[in-house]
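Engineer: I would like the atomic coordinates for the input below:
(chains A and B)
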Amino acid sequence: MEVRDKDVMSRITEKVRAGDVRTVARLIRDIDDGMPEVRGTLKELYPYTGNAYIVGITGAPGVGKSTLVDQMLSHLRGQNKTVGVLAVDPTSPFSGGAILGDRVRMQRHSMDEGIFIRSMATRGHFGGLTQSTRSAIDVLDAMGKDYILVETVGVGQDEVDVVKSAHTTIIVVIPGMGDDIQAIKAGILEVGDIFVINKADREGTDKTLNDLRLMIEMSQNKYEEGRWKPPILKAQAVFDKGVAGLLEEIEKHRSYLNKAFGGLHFRKRKDKVREELAGMVKNRLIEDVINKLTETGEFDEAVKSIVEGKMDPYTACDNLVLPKLDFSAK
Amino acid sequence: MVHKRRIRVMVAKPGLDGHDRGARIIARAYRDAGFEVVYSGLHQTPEEIVEAAIQEDVDMIGLSSLAGAHRYLFPRTVELLREKGADDIVVCGGGIIPEEDIPALKEVGIKQVFTPGTPLDVIVKWVEDNVKPR
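Structural biologist: Got it, this is the predicted structure:
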C-alpha cells in the first residue's frame, strides 16, 4: 500500500485547513478514485472535523433541489456563513460515465470564495458512495466551512444512506406526486427531518400536503412530547419563496439536536459511530479481500468451477473466505 | 494495485451564445464513453469557468462557442488557468470556428479545435488519447 510521505501529508493538511481550493479539489478526486494514500490524509484531518453543520437534501429528479440549494446559498451567505456543497448525480450503469448538471443551477455562486461546490457521481465507489461522500464531507469540514449541503437524488439505497451522514435531512417533493409519494421508499420518509413541497403554486399542493402528513405520521415513530415533529413547508424555490422559513426550521432542528444530545456531535454518538465503523470495515474487507483474490486468480478459478458445474457458489465462497479469516493473526 | 481513475471533463458555454444543443450532445457522448462530465450552463464568463474547473478538478475543459467570440474567450480561459496555476488542465474548443482562426488559437494553448461535422467518436477518441487523469 502506498503511503504518503509524512511531509507531503502535513502540507496537504495545512493547505486544506487554509482553504486552498486546488488542494481540496484534488483531495476529493483522490477520495473519489479510491487512492489508498488518501487514508493518511483523512486521519490527519479528522481531528479538525466536527464543526460544520451538515444538511442533506434529497428527493426525486426534477423537484427543484438544486434551485433550492442555490437559494439557500444566498441566504446563508447573507448571514456571513461559509458553505460547502456536494451535489451527487447518478452514474450511468451502462457506461460508468455521468453528466453532473446540478452545478448549472448554482453557478452564480462560483466566484464566491465563501462557497465551494463539488459535483460527485454515484458510481461504483471504492468504499461505496456513502464512504466517499462522508470523506468528502470531512474534507470540507476541515476546510472550515460552517455549513455543508449534500444534495442527492433519493432513489437508491446508497443515496438514502448518504443523508444519514447529515444533521438535518430535508426531503423535497412537488405537488401532485400522489401515488409517487407512496412509491418513495419508506426509508426516506423515516429519515426526513423537514419536508418541503416545492413548486407550491401548482395544483394539488394541499392534497399533497395532507397525503404527506398522513404518510409521515404512519411511518415515523410515535410522536412523543418533546420529540422532533417534522414540519411540512411550502416553497417556490425559483422565486425564493419559503427559503427563509426553511432555514429557520433548520436552525430549530439544530437547537433540538443540541438539547436532545447535549451538544454531542452526532458522529460521536455511539449508534452513529457503530454504523460508520461497520460500513468502513465492510468496505475495506471487500476492497482488500476481493482485490487479493482477483490478483491471485483464485476468484476467477472459483467462477470457472461454478460455471462448469464442478462446485456450488456456497462452497466456493467458503473456500475463498475461510482460509483468509485467521483471527489468531494480529 | 492500480486504481482506475475516471476522466473528468467540463463542457462550458462561455459568453453570450445561447445555443447549447451541441454542447449537450457532446456531453452525452462523453458520458457514454465513461467520462464524468460537469456541465457549466449558459452565459459563463471565463473567470467562472476556470473557478468551477478548479473546484471540480477536471482534466479538460471543452469550450463551446457558436457566436464568434472565441478569439477572446478561448485565450482568456487559458490565460486564467495559467494565472491560477492550473494550466495542466487541457483546453479544447468547438463550435462555429473559422479554419483560419485555428492556428492562432492553438498557439495560445488551445490543444484542439473540433469544427462542425466532426464525428463524435473521433472527438471521444481524441480525448481518450490526449487527456489523462492528472
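Engineer: count of residues packed around residue A:240?
Structural biologist: 15 (other Cβ atoms under 10 Å in any protein chain shown). To be clear about C-beta, it is placed using only N, CA and C from the backbone, and glycine gets the same treatment.
Engineer: Name the nearest residue to it, sequence neighbours excluded.
Structural biologist: Once flanking residues are discounted, residue A:240 sits nearest to residue A:71: 5.2 Å by Cβ to Cβ, 6 or more residues apart in numbering or on different chains.
Engineer: Report the contact partners of the one you found.
Structural biologist: When contacts are counted by Cβ atoms under 8 Å, 6 or more residues apart in numbering or on different chains, residue A:71 touches A:237, A:240, A:243.
Engineer: Enumerate every residue touching the closest residue to residue A:302 other than its chain neighbours.
Structural biologist: Spatial nearest neighbour of residue A:302, chain neighbours left out: residue A:316 (4.3 Å); criterion: Cβ to Cβ, 6+ apart. By Cβ under 8 Å, 6+ apart, the contact list for residue A:316 reads A:302, A:305-306.
Engineer: On the three-state scheme, the residue nearest to residue A:240 is what?
Structural biologist: Taking DSSP: H, G, I helix; E, B strand; the rest coil as the rule, one finds residue A:71 in the helix state.
Engineer: how near is residue B:62 to residue A:103?
Structural biologist: Here residue B:62 is placed at a distance of 15 Å from residue A:103 (Cβ to Cβ, to the nearest Å).
Engineer: that older thread, go through the contacts of residue A:71 and say which is closest to chain B.
Structural biologist: Taking Cβ to the nearest Cβ as the measure, chain B lies nearest residue A:237 of these, at 16.5 Å.
Engineer: do you know how far residue A:241 is from residue A:64?
Structural biologist: In terms of Cβ to Cβ, residue A:241 sits 12 Å off from residue A:64.
Engineer: wait, I meant residue A:273
Structural biologist: 34 Å.
Engineer: Which one of those two is surrounded by more residues?
Structural biologist: When neighbours are counted by other Cβ under 10 Å, residue A:273 and residue A:64 differ, and residue A:64 comes out ahead with 21 against 12.
Engineer: what's the closest non-adjacent residue to that one?
Structural biologist: residue A:198 (4.2 Å).
Engineer: Who are the contact partners of the one you found?
Structural biologist: Contacts for residue A:198 (Cβ under 8 Å, 6+ apart) come out as A:63-64, A:67-68, A:172-174, A:235-237.
Engineer: Which helix or which strand is home to the spatially most central residue of chain B?
Structural biologist: With distances taken as Cα atoms, centre = their mean, residue B:62 lies nearest the centre of chain B, 1.0 Å away. In this assignment (DSSP states H and E), residue B:62 forms part of strand B:60-65.
Engineer: Is chain A within reach of that strand?
Structural biologist: No - on the criterion Cβ under 8 Å from any Cβ of the partner chain, strand B:60-65 is out of touch with chain A, staying 13.1 Å away.
Engineer: circling back: if we take the contacts of residue A:316, which one ends up nearest to residue A:208?
Structural biologist: When these are compared for distance to residue A:208 (Cβ to Cβ), residue A:306 wins out at 49.2 Å.
Engineer: What segments of the stretch 1-150 of chain A are helices?
Structural biologist: A:6-17, A:21-32, A:38-45, A:65-78, A:128-143 (DSSP state H, counting those that start in this stretch).
Engineer: Tell me which of those sits most buried.
Structural biologist: helix A:128-143 (a mean of 24; mean count of other Cβ atoms under 10 Å in any protein chain shown).
Engineer: how about residue A:230, secondary structure?
Structural biologist: From three-state DSSP, the assignment for residue A:230 is coil.
Engineer: what's the neighbour count on it?
Structural biologist: When neighbours are counted by other Cβ under 10 Å, residue A:230 registers 23.
Engineer: wait, isn't it in contact with residue A:195?
Structural biologist: Yes - taking Cβ atoms under 8 Å as the definition, residue A:230 is a contact partner of residue A:195 at 5.9 Å.
Engineer: What are the contacting residues of stretch A:42-51?
Structural biologist: The contact list for stretch A:42-51 (Cβ under 8 Å, 6+ apart) reads A:9-10, A:12-13, A:16-17, A:31, A:135, A:138-139, A:141-142, A:144, A:146, A:265, A:267-268.
Engineer: Just the buried ones out of the contacts of residue A:316, please.
Structural biologist: Buried members of those, counted by 16 or more other Cβ atoms under 10 Å in any protein chain shown: A:302, A:305.
Engineer: Quick one: the contacts of residue A:316 as a markdown table, columns for distance to residue B:83 too.
Structural biologist: Listed next are those as a markdown table, based on distance: Cβ to Cβ, whole Å:
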| residue | distance to residue B:83 |
| --- | --- |
| A:302 | 55 |
| A:305 | 59 |
| A:306 | 58 |
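Engineer: Closest one of the contacts of residue A:316 to chain B?
Structural biologist: The closest of the contacts of residue A:316, once distances to chain B are taken by Cβ to the nearest Cβ, is residue A:302, at 19.6 Å.
Engineer: List the contacts of the closest one.
Structural biologist: Residues in contact with residue A:302 (Cβ under 8 Å, 6+ apart) are A:311, A:316-317, A:319-320.
Engineer: quick one: what helix or strand has it in it?
Structural biologist: Under the assignment here (DSSP H and E), residue A:302 is part of helix A:298-307.
Engineer: now that helix, how far from the chain's geometric center?
Structural biologist: The chain centre lies 35 Å from the centre of helix A:298-307; the measure is Cα atoms, centre = their mean, to the nearest Å.
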